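Chemist: Let me see the structure of the following:
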Amino acid sequence: MKKITEKLAASDNDRWANPPVTIAFLGDSVTQGCFEIYKTGENSVQTVFDYANAYSEKVRSLLRSAFPRAQINIINAGISGDGAPSGLKRMQRDVLSFSPDVIVVCYGLNDVHGGESKIGEYEAALKGIFTQGKKSGAEVLFMTPNMMNARVKYNAEKLITEWEGNAEKLQNGGVMDKYMDAARKTAKECGVKVCDCYKKWKALAAAGTDTTELLSNGINHPTREMHNLFAYSLFEEIVFGE
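Modeler: The predicted structure follows:
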């Protein structure tokens, strides 16, 4: 993304003459910075929020390593439980109102629970997000999310086990793969670059890695260490991508 690299370099070289670079992240709980979950009642749970270890902050840290004097603003517009349709509805309020230079979009982990019948709605919402983002003049980048659990890890808490079971079926049954294929297709149609982290997770699984162990909640939240994969992949795309 040559345009953004040049802006970062300009800010790094002269902060008085050049504006800060603003990067907005639109997505769900993973984007927001959610990790472990715990029960708060018979039929309710809460998540551990750890914004400092979210991939958006790790991206900022990596960018600062290359551009130590640049002013870099991060807008974390991730909301736990969010999906692409609601992300489209809040696009103006939570993202475009900040006039970002780069918009990183990551959806799929919640949308997939709509099943194959909702893939069309997912595609339409992504198209709307991509179109609005590009119209604003921002560079738009879609990042595919991580895999969900490929096996049920926990059995002590009934509610959590039910969620694990549903996610396992969607992951192993190929529904998540279909959502990711739809997202890639939509991004290509809209002229949006894809940072394909889901492909990397699938490669780990194909090599024999137990990817369920890489999920802090055993369902869909990557560990703090695996947020590094997102961060390094985005850093590569933002700084060195075409």
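Chemist: Mind listing residues that contact stretch 176-195?
Modeler: For stretch 176-195, contacts defined as Cβ atoms under 8 Å, 6 or more residues apart in numbering pick out 1, 104, 107-108, 111-112, 116, 119, 122-123, 126-127, 130-131, 133-134, 140-144, 147-148, 170, 196, 198, 233-234, 237, 241. Yep, even glycine has a C-beta here, placed from its N, CA and C like the rest.
Chemist: same question for it, mean pLDDT?
Modeler: The average pLDDT for stretch 176-195 rounds to 98.
Chemist: which of the contacts of stretch 176-195 count as buried?
Modeler: 1, 104, 107-108, 111-112, 119, 122-123, 126-127, 130-131, 133, 140-144, 147-148, 170, 196, 198, 233-234, 237, 241 (16 or more other Cβ atoms under 10 Å).
Chemist: Spatially central residue for this protein, please.
Modeler: residue 106 (3.4 Å; Cα atoms, centre = their mean).
Chemist: Convert the C-alpha atoms of the longest helix anywhere in the chain to CSV, please.
Modeler: Identified as the longest helix of the chain according to DSSP state H is helix 119-135. The C-alpha trace of helix 119-135 is given here as CSV (Å, rounded to 0.1, in the frame of the first residue of the first chain):
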residue,chain,number,x,y,z
ILE,A,119,-24.1,-16.1,2.9
GLY,A,120,-25.8,-13.7,0.5
GLU,A,121,-26.6,-11.2,3.3
TYR,A,122,-23.0,-11.4,4.4
GLU,A,123,-21.7,-10.7,0.9
ALA,A,124,-24.1,-7.8,0.5
ALA,A,125,-23.0,-6.2,3.8
LEU,A,126,-19.4,-6.6,3.0
LYS,A,127,-20.0,-5.0,-0.4
GLY,A,128,-21.7,-2.0,1.3
ILE,A,129,-18.8,-1.6,3.8
PHE,A,130,-16.2,-1.9,1.0
THR,A,131,-18.0,0.6,-1.2
GLN,A,132,-18.5,3.2,1.5
GLY,A,133,-14.9,2.8,2.6
LYS,A,134,-13.5,3.3,-0.9
LYS,A,135,-15.8,6.2,-1.6
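Chemist: So which of the buried ones among the contacts of stretch 176-195 are in helices?
Modeler: 119, 122, 123, 126, 127, 130, 131, 133, 170, 198, 233, 234.
Chemist: so what's the first one closest to, chain neighbours aside?
Modeler: Distance criterion Cβ to Cβ, 6 or more residues apart in numbering; nearest residue to residue 119, sequence neighbours excluded, is residue 182 at 5.1 Å.
Chemist: all strands of this structure, in order?
Modeler: 21-27, 34-41, 44-49, 72-78, 102-106, 139-144, 193-196 (DSSP state E).
Chemist: low-confidence ranges in the chain?
Modeler: 154-161 (pLDDT under 70).
Chemist: Setting the sequence-adjacent residues aside, check what's closest to residue 52.
Modeler: Using Cβ to Cβ, 6+ apart, the nearest residue to residue 52 is residue 33, at 7.7 Å.
Chemist: That neighbour contacts residue 48, correct?
Modeler: No. Assessed by Cβ atoms under 8 Å, residue 33 is found out of contact with residue 48, at 9.2 Å.
Chemist: Settle it for me: which of those two has more neighbours?
Modeler: More neighbours surround residue 33 than the other of residue 33 and residue 48, with 23 against 13 (other Cβ atoms under 10 Å).
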